[in-house]
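Participant: fold the following.
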Amino acid sequence: MVHELDDFFEVVTQDADLASGSAKSYPIVVCKTVNGLVDYVKARRNVDSCRIKIGIDGGQGSLKICLNVEESSDERNVINDSGVRRSLILALAPNVSENYCNVSKIWNLLKLQTLEAFVTGDLKIINILAGVMANSSTYPCAYCTSSKSDLGEKKGLLRTIRSIRRNADLWTRNGGIRKNAKKFLNCAHDPLLEGEEEDTILCKCPPPVLHIFLGIINRIFNAVAKDYQMESEAWASAANATRHSQFGFAGRHCRNLLDKRNILARGPADKYFKLLDSLQRVVDSCFGVALLSYYTKPSRHSVMVGSTQDYLRHQNFTF
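Facilitator: Numbering: from 1, shown residues only. Predicted coordinates:
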């Protein structure tokens, strides 16, 4: 049982680009046949209908690509199947940084273009997969063409595989000068995500819900701490939440803070309670495996999101 998957993997030597601009060869563990591994897992788990999730992470000094086979007929099974204990590593590249060149090499080794799957990762890796430059760029969003000065204020056009490919080609043909990339919406490479030309990045690669959630909760807490220090301390204590000096509150602690938002109600920090209450409704509606039925109704959803945006503007609260 311990070695039953050995035949699916091999070690290859691959050149990887370093941050310094040089290249170095590294041993990389890769799956030889991802489609074959998926079929094997489905047979072992006696699963017919499933969703395939590919996760990419460049933390802890290595580049990792993982696979989850999620049974689609039962939501409880999907939650279990999406957990880290059900993840299968497809590729492991120690000491290899996450950039477009390195990710594309491993992506091609795995032949992930042949796999029908949805892809998850943080905002950095999503930009890499989309072929868009870093999140500090003038046009930083992998999903739309809003400039960083307009994010949250003006809607951009949804990026498609075609639009990124076309702009990246135009940038290259115009010299590929980095400072001029903003003229081409900071599109630098062909998307690694496979699909039809008109497919949007939003449909191919879901937004990283956890990272968005962590950012929102930490910024709200920082705002409460700035304006109402005693209330923020009482809130953190009730939630049994501990803040890291560099990274802020982690996932479990952020969820506890949202659950204990009532601590802020009917006091000087009540405006933040209302904000958190609105956030909870959005989380309940669309942060899970399936959308709640009313989320897709324009009137209810527009009121929920629109009122939250208006409230944030009124309070001059900036994410």
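Participant: how much space between D270 and C254?
Facilitator: Counting by Cβ to Cβ, to the nearest Å, the gap from D270 to C254 is 20 Å. Just so you know, the C-beta spots here come from the backbone N, C-alpha and C atoms, and that holds for glycine as well.
Participant: between these two, who's got more neighbours?
Facilitator: C254 (22 against 12; other Cβ atoms under 10 Å).
Participant: which residue ranges of the protein form strands?
Facilitator: 9-17, 23-31, 50-57, 62-71, 88-94, 118-120 (DSSP state E).
Participant: reformat those strands as JSON lines; add mean pLDDT, mean neighbour count and distance to L129.
Facilitator: As requested, these are arranged in JSON lines below (pLDDT from 0 to 100; neighbours: other Cβ atoms under 10 Å; distance: least, Cβ to Cβ, whole Å):
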{"stretch": "strand 9-17", "mean pLDDT": "90", "mean neighbour count": "14", "distance to L129": "16"}
{"stretch": "strand 23-31", "mean pLDDT": "90", "mean neighbour count": "16", "distance to L129": "18"}
{"stretch": "strand 50-57", "mean pLDDT": "90", "mean neighbour count": "19", "distance to L129": "7"}
{"stretch": "strand 62-71", "mean pLDDT": "90", "mean neighbour count": "21", "distance to L129": "11"}
{"stretch": "strand 88-94", "mean pLDDT": "93", "mean neighbour count": "20", "distance to L129": "14"}
{"stretch": "strand 118-120", "mean pLDDT": "88", "mean neighbour count": "19", "distance to L129": "6"}
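Participant: so which of those strands gets nearest K105?
Facilitator: strand 9-17 (5.9 Å; Cβ to Cβ).
Participant: partners of the closest one, with directions?
Facilitator: Here strand 9-17 has these sheet partners by DSSP bridges: strand 23-31 (antiparallel).
Participant: what comes up buried for stretch 154-171?
Facilitator: R159, T160, I161, S163, I164, R165, N167, A168, W171 (16 or more other Cβ atoms under 10 Å).
Participant: same check, this time on stretch 227-247
Facilitator: Across stretch 227-247, burial judged by 16+ other Cβ under 10 Å covers Y228, E231, S232, A234, W235, A236, A238, A239, A241, R243.
Participant: sorry, back to before: looking at the strands of the chain, which is closest to G175?
Facilitator: Proximity to G175, assessed across the strands of the chain by Cβ to Cβ, is greatest for strand 9-17 (20.9 Å).
Participant: what inclination does that closest one have with respect to strand 88-94?
Facilitator: Calculated by axes from the mean of the first three to the mean of the last three Cα atoms, to 10 degrees, strand 9-17 forms an angle of 40 degrees with strand 88-94.
Participant: list of residues touching strand 9-17?
Facilitator: Strand 9-17 is contacted by residues 23-32, 93, 96-97, 99, 101-102, 105-106, 109 when judged by Cβ atoms under 8 Å, 6 or more residues apart in numbering.
Participant: centroid residue for the chain?
Facilitator: For the chain, the residue nearest the mean C-alpha position is P208 (2.6 Å; Cα atoms, centre = their mean).
Participant: show the contacting residues for that one.
Facilitator: P208 touches T120, G121, D122, L123, I126, counting by Cβ under 8 Å, 6+ apart.
Participant: surely R51 meets V119?
Facilitator: No. Counting by Cβ atoms under 8 Å, R51 does not reach V119; the two are 11.9 Å apart.
Participant: residue ranges with poor pLDDT in the protein?
Facilitator: Scanning the chain for pLDDT under 70 picks out 1-2, 19-21, 72-84, 289-291, 293-319.
Participant: let's go with 80 and repeat that
Facilitator: 1-2, 18-22, 59-61, 72-85, 151-152, 286-319 (pLDDT under 80).
Participant: in the lengthiest helix in the chain, which residues are buried?
Facilitator: The residue-count maximum for a helix in the chain (DSSP state H) belongs to helix 209-227. For helix 209-227, the neighbour count (16+ other Cβ under 10 Å) marks F213, L214, I216, I217, N218, I220, F221, A223, V224, A225 as buried.
Participant: any residues touching that helix, and which ones?
Facilitator: Residues outside helix 209-227 that contact it (Cβ under 8 Å, 6+ apart): 122-123, 231-232, 235-236, 243, 248-251, 254, 257-258, 264, 268-269, 272, 275-276, 279, 283, 287, 317, 319.
Participant: if we use 6 Å, what do you get?
Facilitator: Residues from elsewhere that reach helix 209-227 (Cβ atoms under 6 Å, 6 or more residues apart in numbering): D122, S232, G248, F249, G251, C254, L257, A269, Y272, F287, F319.
Participant: now a ChimeraX select for only the buried ones of the residues you listed.
Facilitator: The buried subset of these, as determined by 16+ other Cβ under 10 Å, is captured in ChimeraX by this line:
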select :122,232,248,249,254,257,269,272
